[in-house]
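Novice: Mind looking at a prediction? Sequence and model below.
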Amino acid sequence: MNRTAWSCAALVLFGASTLALAQSPLMRSAYHDYRVVTVADGLVNPWSIAFLPEGDILITERPGRLRIVRDGHLLDAPVAGVPEVHAQGQGGLLDVVPHPDFASNRLLYLSYSKPLAGGESTTAVVRGRFENDRLTGVEEIFEAVSRGRGHYGSRLAFDPDGYLFITVGERQAPSVGDLLSHPAQDTTNHHGVVVRLHDDGRVPSDNPFVDSADARPETWSYGHRNPQGLVIHPETGDVWVTEHGPQGGDELNLVLPGLNYGWPVVGYGVNYRTGTAIHEGTHREGMEPPTHVWVPSIGTSGLMLYTGDRFPQWKGNLFAGGLSGEQVGRLEMDGARVVHEETIHHGNGRVRDIRQGPDGHIYVAIDDRDGAPTAIVRFEPAD
């Protein structure tokens, strides 16, 4: 990405916030005090945030609109050319990510719940060229082999080698018989998986199941529930996901190729309302234990690795959003271990997404239910 372009974008984002910063209340944390500045409000179920090199901010609204924040203002007209979405329940327009070479190829990637015959839907990913505030040449590069009510997953991320990773939820599919018969334990579908593809949708020849007759070649890992947080370390290539547990048992996982992450055979959650057991236990040979668990659940959605300079004491930390917990959690890491957790923001709405901007600030999508105010806000250092 062009460094000069990103620097200009950072100056635009920083300069527009000066007055609001002086007026916003001080928030305290262990290492950095910060203020919360509103970037855009009046949105409907904002789901994801992306930054373009010329300074625009893109926001997906779950009902099916892609919006633009330009020069500090939310444009009235949504982006044209977005595919039709299944905007029911948890479904709709979900993640948005620019290609690593967006400055030259203008390619933008969208995940969404794709409507199918009979009122069903599945997770799908398209890409198109973003020019003149519209998408052109839109093509589908992935459609999940999955059916269900919700839990689409749908996070997107590119790794340092340019491979595209996609999360797919287990679609709230019930077990039929014993827990090992659950669709998330069946590698012939895409229920509860992380997928790895080339940027055009082709399957890489070194994917773990590419030569298996009993597995989907796109699959990188399986046995997940509903991964709605995904971030890839820009230097090491480590793939981190957060996924929803049921009532308790949200997980942070370091995702490795070909491994089984256990849903629903093992875990730390219980059934909703009744509190009865779901899993046969918390550990089983051949299934990967989580790196970190939230009990009770915070409703994990959105995951960020901080690499900027605005909050130097937070560099290398993971930040996890929480829906039901209405929070942002900071996870201090020592390699692949969480050594400390701090809730740095709490009680101001359901956190759907969290991203680092090109200005080094932290951007958060607040997605509240029942018509409550929604917004994109930014954390800026108090000093």
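Specialist: That came in fine, so what should we check first? Here the structure is a predicted model, which means the values were calculated and not measured.
Novice: make it CA atoms for all contacts and neighbour counts henceforth
Specialist: Will do.
Novice: where along the protein do the helices fall?
Specialist: For the chain, helices defined by DSSP state H occupy the ranges 3-15, 18-23, 102-105.
Novice: Please work out the average pLDDT along the second one.
Specialist: Confidence for helix 18-23, expressed as mean pLDDT, is 44.
Novice: same deal with stretch 362-374?
Specialist: Taken as a whole, stretch 362-374 has an average pLDDT of 80.
Novice: what about it, start to end distance?
Specialist: Length of stretch 362-374, first residue to last, C-alpha to C-alpha, to the nearest Å: 17 Å.
Novice: For A124, which non-adjacent residue is closest in space?
Specialist: In this structure, A124 finds its nearest non-sequential neighbour in E143, 4.3 Å apart by C-alpha to C-alpha, 6 or more residues apart in numbering.
Novice: From H191, how far out is the one you found?
Specialist: 12 Å.
Novice: try N253
Specialist: From N253 to H191 the distance is 17 Å (C-alpha to C-alpha).
Novice: Looking at the two now, which is surrounded by more residues?
Specialist: Shown here are N253 and H191; by other C-alpha atoms under 10 Å, H191 has more neighbours (32 against 22).
Novice: H244 bridge partners, please.
Specialist: N226 (DSSP bridges).
Novice: Run a quick neighbour tally on it.
Specialist: Neighbours of H244 under the rule other C-alpha under 10 Å: 27.
Novice: quick one, what contacts the residue lying closest to L252 once chain neighbours are set aside?
Specialist: Once flanking residues are discounted, L252 sits nearest to T242: 4.5 Å by C-alpha to C-alpha, 6+ apart. By C-alpha atoms under 8 Å, 6 or more residues apart in numbering, the contact list for T242 reads 227-230, 250-253, 300-303, 320.
Novice: Check G316 too.
Specialist: Contacts of G316 by C-alpha under 8 Å, 6+ apart are 305-307, 332-333.
Novice: For it, grab phi and psi.
Specialist: Recorded main-chain torsions at G316 are phi 90, psi 0, according to degrees, to the nearest 10.
Novice: ok, what's across the strand from the closest residue to Y222 other than its chain neighbours?
Specialist: Spatial nearest neighbour of Y222, excluding adjacent residues (C-alpha to C-alpha, 6+ apart): V193 at 4.3 Å. Judged by DSSP bridges, the bridge partners of V193 are V168, Y222.
Novice: Next up, the contacts around V193.
Specialist: 167-170, 184, 219-224 are the contacts of V193 under C-alpha under 8 Å, 6+ apart.
Novice: Roughly how far does it sit from R171?
Specialist: 11 Å.
Novice: Could you do D101 as well?
Specialist: Counting by C-alpha to C-alpha, the gap from D101 to R171 is 32 Å.
Novice: likewise L93?
Specialist: 16 Å.
Novice: okay, those two: which has more neighbours?
Specialist: Per other C-alpha under 10 Å, whichever of L93 and R171 has more neighbours is L93, with 29 against 24.
Novice: Give me the local confidence score for that one.
Specialist: Looking at L93, its pLDDT stands at 98.
Novice: still on that earlier bit, take the contacts of V193 and lay them out in CSV including neighbour count, distance to F209 and pLDDT.
Specialist: As requested, the contacts of V193 are exported to CSV (neighbours: other C-alpha atoms under 10 Å; distance: C-alpha to C-alpha, whole Å; pLDDT from 0 to 100):
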residue, neighbour count, distance to F209, pLDDT
T167, 34, 16, 98
V168, 29, 17, 98
G169, 32, 19, 98
E170, 32, 19, 97
A184, 32, 15, 97
T219, 27, 7, 98
W220, 24, 8, 98
S221, 23, 9, 98
Y222, 31, 11, 98
G223, 28, 14, 98
H224, 29, 16, 98
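Novice: In contact with R216: list those residues for me.
Specialist: Applying C-alpha under 8 Å, 6+ apart, the residues near R216 are 187-190, 209-210.
Novice: Pull the contacting residues for G269.
Specialist: Listed by C-alpha under 8 Å, 6+ apart, the contact set of G269 reads 245-250, 277-279, 295.
Novice: correct me, but Q247 touches I298?
Specialist: No: look at Q247 against I298 with C-alpha atoms under 8 Å: they stay out of range, at 9.4 Å.
Novice: Looking at these two, which one has more neighbours?
Specialist: Ranked by neighbour count (other C-alpha under 10 Å), Q247 and I298 place I298 first, with 26 against 19.
Novice: Burial check on the residue nearest to G308 when sequence neighbours are not counted, number of neighbours?
Specialist: In space, and not counting its chain neighbours, G308 is closest to G360: 4.7 Å by C-alpha to C-alpha, 6+ apart. G360: 20 surrounding residues under other C-alpha under 10 Å.
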